[in-house]
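# Sharing a sequence plus its predicted fold:
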Amino acid sequence: MMVLHEGGIMMSNMVNHPSADESVIRFMNISKSFGKGRDRLSVLRQVSFEVVPHEIMGIVGESGAGKSTLLSLINGMEVPDEGEILIHGRSSSGLSNQRLRELRQNSAMIFQEYNLLRNKSVFDNVALSLRLRKTRADSKVMDALRFVGLDHKGKAQIKTLSGGEKQRVAIARALVTQPAILLADEPTSSLDPGMTREIIDLLKQINSVFHTTIILVSHDLEVIKALCQRAIILRDGEVFDTIAVQEPAAQWQYPDYAEQARMVLSR
Amino acid sequence: MSTLLKTYGPMILKALLETGWMLLISGAAALIVGLPLGTLIYLNRGRKTIKQRVLLTILNGYVNIVRSFPFILFIVAMIPLTRWVVGTSFGTLAGSFPLAFIGVALYARLCEQALLEVPQGINKSATAMGATSLQHIRYFLYPEARSGLVLGLTSTLISLISYSTIMGVIGGGGIGDFAMKYGYQLYQYDVMYLTIVLMIVLVQLIQWGGSYIARIIDYR
């Protein structure tokens, strides 16, 4: 496993205030709702923010605050009702299916439940990302598995792995195509504290070594605190605040989640 | 028993071959047509466009109507089409034709159910990774649902054995027709019971084979 580049982390922990032309992701007044008529549920309202290259941005909020929808909008799995999303300066609106697939292939996503194919080996799961691009490079797969510390488990079945190992396989699958953006949807929510620590360290390494921009969705403020340089706090589909993440998290002591997030993360 | 086998052995063998022939044709049709049909039904569930809704209604309609049709009437109703396609409405090949329609409908529904067992996260993952529809099916859905698909095909084949027993109506032959002709109608109940035992053994073998394959390809 590669050694964590502490200096890089220290540098990248400095809070950036992005300008429009250097942003990797730019949301401009994005609104999104699901359903129709009386069942219409407004999930995101007038959300605007920017993410700069190589940044680790956290998205926090209670369940139903719109965190996962926001990630789905970034990789084009959902289309906004209003507003515009720029990825690397290019609008993601009105793209053909082919261009949408290209957009998705330029980013990678990891999930809370890993979403690995249980009927395929560790190696084949990681190779899948390359196969979708009609390429096959065993050396790249092994490099990705080596990076996450699982090169000795290439032939293993998914069911034999621990939760932390499964998430590392998912990260290897994401890494093997060298994406510019890594979208992480609650990647540590199913893990115990020890495994959570492993995944946090791994994501830090990815950011440090590959300069991958990471968007991390989590309701766990400790994880956001340990990993992110900035965090967007969502409340009821709106941006409650965008703050620079500072010191280690304090104990929970605020009844309102959004208020608590702002206090804990900015302290 | 040995006298029974000596007398009826060649005829039983011929009847078994006819059943096997009907199963092969209808089972192949179920696999080749039923699998994509079931996949289309699965993929179009809950889709919003009118085109997708119409397609789903047509496919579901076919599956539901064919499965709910009393089979003996279905065979008779299919006679004009069977004669047009096969060239005759009589014999084993002609019997395989309506049986194939049943096999397709049965397996399509079982495929859909097997695919519904695939966790939604896998589909989300496929979309997030930029998979095309065909890649989604080939690399995500089928590998993850493969044991369910094998078990579905096994159940379909067993149902087809049952359906094939009334193919005597149009001279399709088969083991069921043999049991009716030589066992029931000629009052030779030992012949009838022997064929019933043979059919039970056949079904057990298919079920055992299907379950075994499903088990060894399931790593979940």
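Sure, I can see it.
# quick one: low-confidence ranges for the chain?
Let's take chain A. A:1-21, A:247-255, A:267 (pLDDT under 70).
# wait, I meant chain B there
Scanning chain B with the threshold set as pLDDT under 70 gives B:1.
# Run through the helices of it in chain order.
Taking DSSP state H, the helices of chain B run over residues B:2-29, B:35-43, B:50-68, B:71-77, B:79-86, B:92-116, B:120-128, B:133-135, B:142-164, B:175-178, B:189-216.
# Chain A: which of these is closest?
Across these, chain A has its closest neighbour in helix B:120-128 (3.8 Å, C-beta to the nearest C-beta). No exception for glycine: its C-beta is placed from N, CA and C like everyone else's.
# Show residues contacting that closest one.
A:75, A:77, A:104, A:108-109, A:111, A:113-115, A:117, A:183, B:135-136, B:139-141, B:144 (C-beta atoms under 8 Å, 6 or more residues apart in numbering or on different chains).
# how far out from the middle of the chain is it?
30 Å (C-alpha atoms, centre = their mean, to the nearest Å).
# buried sites along that helix?
Neighbour-count burial for helix B:120-128 flags B:Ile122, B:Asn123, B:Lys124, B:Ser125, B:Ala126, B:Thr127, B:Ala128 (criterion: 16 or more other C-beta atoms under 10 Å in any protein chain shown).
# Next: stretch A:161-178.
Neighbour count says stretch A:161-178 has A:161, A:163-177 buried, by 16+ other C-beta under 10 Å.
# got the contact list for B:Arg157?
For the record, residue B:157 is Leu, not Arg. By C-beta under 8 Å, 6+ apart, the neighbours of B:Leu157 are B:Leu23, B:Gly27, B:Ala30, B:Ile206, B:Gly210.
# among the buried residues of stretch A:161-178, which are in strands?
Among these, DSSP state E puts none in strands.
# can you name the two of those that are farthest apart?
A:Gly163 and A:Thr177 (23.7 Å; C-beta to C-beta).
# Show me what the host helix or strand of A:Leu73 is packed up against.
Assigned by DSSP states H and E, A:Leu73 belongs to helix A:67-74. Helices and strands touching helix A:67-74, by 3 or more C-beta pairs under 8 Å, 6 or more residues apart in numbering or on different chains; DSSP states H and E, are strand A:25-34, strand A:41-51, strand A:56-60, strand A:82-87, strand A:181-185, strand A:213-217.
# Pick the most deeply packed of these.
Highest mean neighbour count of the helices and strands packed on helix A:67-74: strand A:56-60, a mean of 28 (counted as mean count of other C-beta atoms under 10 Å in any protein chain shown).
# orientation of that strand relative to strand A:25-34 in degrees?
Strand A:56-60 and strand A:25-34 are oriented at 20 degrees to each other (axes from the mean of the first three to the mean of the last three C-alpha atoms, to 10 degrees).
# helices and strands around strand A:56-60, which ones?
helix A:67-74, helix A:193-210, strand A:213-217, helix A:221-227, strand A:230-235, helix A:257-266.
# got these as CSV, with distance to A:Val43 columns?
Converted to CSV, these look like this (distance: least, C-beta to C-beta, whole Å):
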stretch, distance to A:Val43
helix A:67-74, 5
helix A:193-210, 26
strand A:213-217, 14
helix A:221-227, 21
strand A:230-235, 10
helix A:257-266, 16
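# OK, contacts around the residue of the stretch 151-267 of chain A found nearest chain B?
Proximity to chain B, evaluated over the stretch 151-267 of chain A using C-beta to the nearest C-beta, is greatest for A:Gln157 at 4.7 Å. Taking C-beta under 8 Å, 6+ apart as the criterion, A:Gln157 is in contact with A:Arg118, A:Ser121, A:Val122, B:Tyr219.
# Make a markdown table out of the residues you listed and add neighbour count.
As requested, the contacts of A:Gln157 are arranged in a markdown table below (neighbours: other C-beta atoms under 10 Å in any protein chain shown):
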| residue | neighbour count |
| --- | --- |
| A:Arg118 | 17 |
| A:Ser121 | 17 |
| A:Val122 | 27 |
| B:Tyr219 | 16 |
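# Between the residues you listed, which sits nearest A:Arg136?
Nearest to A:Arg136 among the contacts of A:Gln157, with distances taken as C-beta to C-beta, is A:Ser121, at 14.8 Å.
# quick one: contacts for that closest one?
A:Gly154, A:Lys155, A:Ala156, A:Gln157, A:Ile158.
# could you flag which of the residues you listed are buried?
For the contacts of A:Ser121, buried by 16+ other C-beta under 10 Å: A:Gly154, A:Ile158.
# Next, count neighbours for B:Tyr187.
By the criterion of other C-beta atoms under 10 Å in any protein chain shown, B:Tyr187 has 9 neighbours.
# and the gap between it and A:Asp81?
76 Å (C-beta to C-beta, to the nearest Å).
# Repeat that for A:Ala231.
25 Å.
# Just want to know which of these two has more residues nearby.
A:Ala231 (27 against 14).
# Might one say that that one is in contact with A:Asp220?
No: look at A:Ala231 against A:Asp220 with C-beta atoms under 8 Å: they stay out of range, at 11.7 Å.
# Ramachandran angles for B:Pro70?
Note on B:Pro70: backbone dihedrals following degrees, to the nearest 10 are phi -60, psi 130.
# can you give me the helices for the stretch 51-200 of chain A?
Under the criterion DSSP state H, counting those that start in this stretch, the stretch 51-200 of chain A contains helices at A:67-74, A:97-105, A:122-132, A:138-147, A:163-175, A:193-210.
# Contacts (any at all) between chain B and the second one?
This means helix A:97-105. Yes: judged by C-beta under 8 Å from any C-beta of the partner chain, helix A:97-105 comes into contact with chain B at A:Leu100, A:Arg101, A:Glu102, A:Leu103, A:Arg104, A:Gln105.
# That helix packs against which elements?
Using 3+ C-beta pairs under 8 Å, 6+ apart: helix A:97-105 touches no other helix or strand.
# Ok, the longest one next?
Counting by 3+ C-beta pairs under 8 Å, 6+ apart, the packing neighbours recorded for helix A:193-210 are helix A:6-12, strand A:56-60, helix A:163-175, strand A:181-185, strand A:213-217, helix A:221-227.
# buried sites along stretch B:79-90?
Buried positions in stretch B:79-90, judged by neighbour count with 16+ other C-beta under 10 Å: B:Thr82, B:Ser89.
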